[in-house]
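> Provided below for reference: sequence and predicted model.
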Amino acid sequence: MGYLTSHILDTTRGVAASGVTIELYQLAEDGARSLVHKTLSNHDGRCDAPLLEGDNFKAGRYELEFAIGDYFAEQGIEMPEPRFLDVVVLRFGIADEDSHYHVPLLVTPYSYSTYRGS
């Protein structure tokens, strides 16, 4: 059985981003979203358990939302209002229900990048 994991790296400070709210949504064919999982990143910028696994791990389209603006505000990093990055939304697809999908986020208050990790 496949599963989904993620982690967040704060490249401004060179540390794992802990305490970031992460929400995972599954997207229906009509674009409707349903919340599947909500958690906080741990001290290592990771989640304590997979975001999706077992019978819930199904092929389809998903969105991960990372509350990055709140994270940087909690770190005392001043940003103008409105924030340039507030919630980072990553839309991605799961095609193989037997694979491990890992979606890392490298982030600053003004940029981010992602990739399919291992």
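Cool, the structure landed.

> can you pull up the bridge partners for Phe66?
Ile22, Val88 (DSSP bridges).

> Go ahead and confirm it touches Val87.
Yes - counting by CB atoms under 8 Å, Val87 is a contact partner of Phe66 at 6.8 Å. Just so you know, the C-beta spots here come from the backbone N, C-alpha and C atoms, and that holds for glycine as well.

> neighbour count winner among the two?
More crowded of Phe66 and Val87, by other CB atoms under 10 Å: Phe66, with 26 against 13.

> all strands for the protein, in order.
Listed in chain order, the strands of the chain (DSSP state E) span 3-10, 15-16, 21-27, 33-40, 52-53, 60-66, 88-94, 100-108, 111-114.

> Now render these as a markdown table, adding distance to Glu74 and mean pLDDT.
Formatted as a markdown table, the strands of the chain follow (distance: least, CB to CB, whole Å; pLDDT from 0 to 100):
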| stretch | distance to Glu74 | mean pLDDT |
| --- | --- | --- |
| strand 3-10 | 11 | 98 |
| strand 15-16 | 13 | 98 |
| strand 21-27 | 11 | 98 |
| strand 33-40 | 12 | 98 |
| strand 52-53 | 26 | 97 |
| strand 60-66 | 13 | 98 |
| strand 88-94 | 16 | 97 |
| strand 100-108 | 14 | 98 |
| strand 111-114 | 17 | 98 |
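
> what's the most buried one of those?
strand 3-10 (a mean of 21; mean count of other CB atoms under 10 Å).

> packing partners for it?
The helices and strands touching strand 3-10, judged by 3 or more CB pairs under 8 Å, 6 or more residues apart in numbering; DSSP states H and E, are strand 15-16, strand 21-27, strand 52-53, strand 60-66, strand 100-108.
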